[in-house]
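Visitor: need coordinates for the following:
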Amino acid sequence: MNALIADDNPLRHECFRVLEALGWTVHHAGTVEAAQAFLENETYQLVALDHDFTATDCMTLPEEATGRGLAKKVAGLAVKPPLVIVHTANVAARAIMVKTLADAGIRVCVMPLSNVFLQ
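Guide: Numbers count the residues shown, from 1 in each chain. Here you go, the predicted model:
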């Protein structure tokens, strides 16, 4: 089983480490470009997507530089993951991402991870 975690915050990746303990192969992408490369070369049973990969106002960036672009790419895959977790705290972007994925027939779980702390 393969999972892709796309987020620029390394602490959020820790939330998905449990999958590795269960025997999953987990690919961690800290940039949109890295996530796109993984999506081009692997099929996934689970994809987790953030939206804001920079400190700027990401809603003004081109779609392909954000999680909206990643959601569009996932929606267009020939072999779609059965589940995508949209974990961005960006409410406006989240709504667009969820609609894009759901319209492609992908089950979507919304799980905002805005403040993650490890102890």
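Visitor: can you count the residues close to the closest residue to residue 68 other than its chain neighbours?
Guide: Nearest non-adjacent residue to residue 68, counting by CB to CB, 6 or more residues apart in numbering: residue 96, 5.5 Å away. C-beta: built from backbone N, CA, C; applies to glycine. For residue 96, the neighbour count with other CB atoms under 10 Å is 19.
Visitor: check the offset of the helix or strand containing residue 93 from the chain's centre.
Guide: For residue 93, the element it lies in under DSSP states H and E is helix 91-103. With CA atoms, centre = their mean, to the nearest Å as the basis, helix 91-103 stands 12 Å off its chain's centre.
Visitor: need the residues that contact that helix.
Guide: Contacts to helix 91-103, defined as CB atoms under 8 Å, 6 or more residues apart in numbering, come from residues 49, 51-52, 58-59, 66-68, 71-72, 74-75, 84, 86, 88, 108, 110, 112.
Visitor: again, only using 6 Å
Guide: 51, 67, 68, 71, 72, 75, 84, 86, 88, 108 (CB atoms under 6 Å, 6 or more residues apart in numbering).
Visitor: over to stretch 20-35?
Guide: Stretch 20-35 has contacts (CB under 6 Å, 6+ apart) with 1-6, 8, 13, 19, 38, 53, 65, 70.
Visitor: what's the ChimeraX line that selects buried ones from those residues?
Guide: A single ChimeraX command selects the buried members of the contacts of stretch 20-35 (16 or more other CB atoms under 10 Å):
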select :2,3,4,5,6,8,13,19,38,53,65,70
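Visitor: ok, which pair from the contacts of stretch 20-35 is furthest apart?
Guide: 1 and 65 (29.0 Å; CB to CB).
Visitor: how far does the lowest-mean-pLDDT helix or strand in the chain sit from its chain's centre?
Guide: Lowest by mean pLDDT, DSSP states H and E among the helices and strands of the chain is helix 10-14, with a mean of 82. With CA atoms, centre = their mean as the basis, helix 10-14 stands 12 Å off its chain's centre.
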